[in-house]
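1. okay, predicted coordinates and the sequence, questions at the end:
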Amino acid sequence: MISKSQLLVTWTGLLISAWPLDIVVENFVLRLPPRSLLRATDTVVHGLIGGFSYLMACIICPDLVLNIFRCLPFLQFGSGSNKHEALNTLFSFFVAFTISSCIDLDHVIMDVMQIKRMPLQRGWFHLSLFPLGLIIILYLSALPFHSLYCVICATLSILCILSHHIRDGVHHGLDFYPLGTTPVLPYWLYIVLTLILPIGSTYLSSSLIRLLKPSLESLTESMHMV
Ligand SMILES: [Zn+2]
């Protein structure tokens, strides 16, 4: 059962990050010198958009929540399931925040390695064709390989990588190298895409998970029998 109040609060967080906060940070960053560390505030906005988007996905489809206790088993303490649920949700937000933010690392790597950029050349992590191909492969692999992780990784890629590219697309368009680049995205289109992306991708992911569940349950049963 979806908690409508949680969904509304998260969606409001996403809207505030994508619009008013984006405008404030944009104006702030414009006044900074080119190599100022404070330019990282722009990356924080990317992180918040990715984090809130994936949080929405987790509220709509709880099967997408990442399990911190599987990644960090030493944290398995106490027995309160509510506490575990809250930690898993926070962990999911944190992972999505980190992936969205790390895409800007290509700027840092290029600066450190002193790679000269052409005027319109984007960093490697900002090319959209590879993540798009990866998302399609992950979704297509989920059913034959009975893998929930394929669906989780595809959803994370859409909401963290593509949403980052869409926000940057307001300045540069989306780069589908070697096929070409789209025109610069209108600001309203960026807002609309950012707000509907979590709903659209979660609808697709939850439909796939519904198809996957019978095979996952029979796999678990056969493992118990062994
Ligand atoms: Zn970027």
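-> Thanks, I have it.
2. contacts only, for residue 196.
-> With contacts defined as C-beta atoms under 8 Å, 6 or more residues apart in numbering, residue 196 has no neighbours. C-beta: built from backbone N, CA, C; applies to glycine.
3. please, which helix or strand holds it?
-> Assigned by DSSP states H and E, residue 196 belongs to helix 187-225.
4. quick one: that helix near the ion?
-> No: using C-beta under 5 Å from the ion, helix 187-225 stays clear of the ion, with a minimum separation of 12.9 Å.
5. for that helix, buried residues please.
-> For helix 187-225, the neighbour count (16 or more other C-beta atoms under 10 Å) marks 190-191, 193-195, 197-198, 201-202, 205-206, 208-209, 212 as buried.
6. pLDDT and distance to residue 48 for those - can I get that in a markdown table?
-> Listed next are those as a markdown table, based on pLDDT from 0 to 100; distance: C-beta to C-beta, whole Å:
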| residue | pLDDT | distance to residue 48 |
| --- | --- | --- |
| 190 | 97 | 15 |
| 191 | 97 | 14 |
| 193 | 97 | 16 |
| 194 | 97 | 11 |
| 195 | 97 | 14 |
| 197 | 97 | 14 |
| 198 | 97 | 13 |
| 201 | 97 | 18 |
| 202 | 97 | 18 |
| 205 | 97 | 21 |
| 206 | 96 | 24 |
| 208 | 95 | 27 |
| 209 | 95 | 26 |
| 212 | 91 | 30 |
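7. what lies in contact with stretch 102-119?
-> Residues outside stretch 102-119 that contact it (C-beta under 8 Å, 6+ apart) are 35, 42, 43, 46, 123, 124, 125, 126, 160, 161, 164, 165.
8. up against the ion, what does the chain have?
-> Residues of the chain that fall close to the ion, judged by C-beta under 5 Å from the ion: 104, 168.
9. so where's the chain uncertain?
-> Residue ranges of the chain with pLDDT under 70: 1-2, 72-83, 115-121, 219-226.
10. now the helices: where do they sit in it?
-> Listed in chain order, the helices of the chain (DSSP state H) span 4-18, 20-30, 40-60, 68-71, 81-102, 105-112, 129-142, 148-156, 163-172, 187-225.
11. quick one, which of those gets closest to residue 180.
-> With C-beta to C-beta as the measure, helix 129-142 is the member of those nearest residue 180 (9.8 Å).
12. buried sites along the closest one?
-> Within helix 129-142, the residues that count as buried by 16+ other C-beta under 10 Å are 131, 132, 135, 138, 139, 141, 142.
13. do stretch 87-102 as well
-> With burial defined by 16+ other C-beta under 10 Å, the residues of stretch 87-102 counted as buried are 87-89, 91-93, 95-97, 99-102.
14. next, the angle helix 163-172 makes with the helix holding residue 196.
-> Using axes from the mean of the first three to the mean of the last three C-alpha atoms, to 10 degrees, the inter-axis angle of helix 187-225 relative to helix 163-172 is 160 degrees.
15. the inter-axis angle of helix 187-225 versus helix 148-156?
-> Counting by the same axes, to 10 degrees, helix 187-225 points 170 degrees away from the direction of helix 148-156.
16. thinking again about what came up before, and the buried residues of helix 129-142, which is closest to the ion?
-> residue 131 (12.8 Å; C-beta to the ion).
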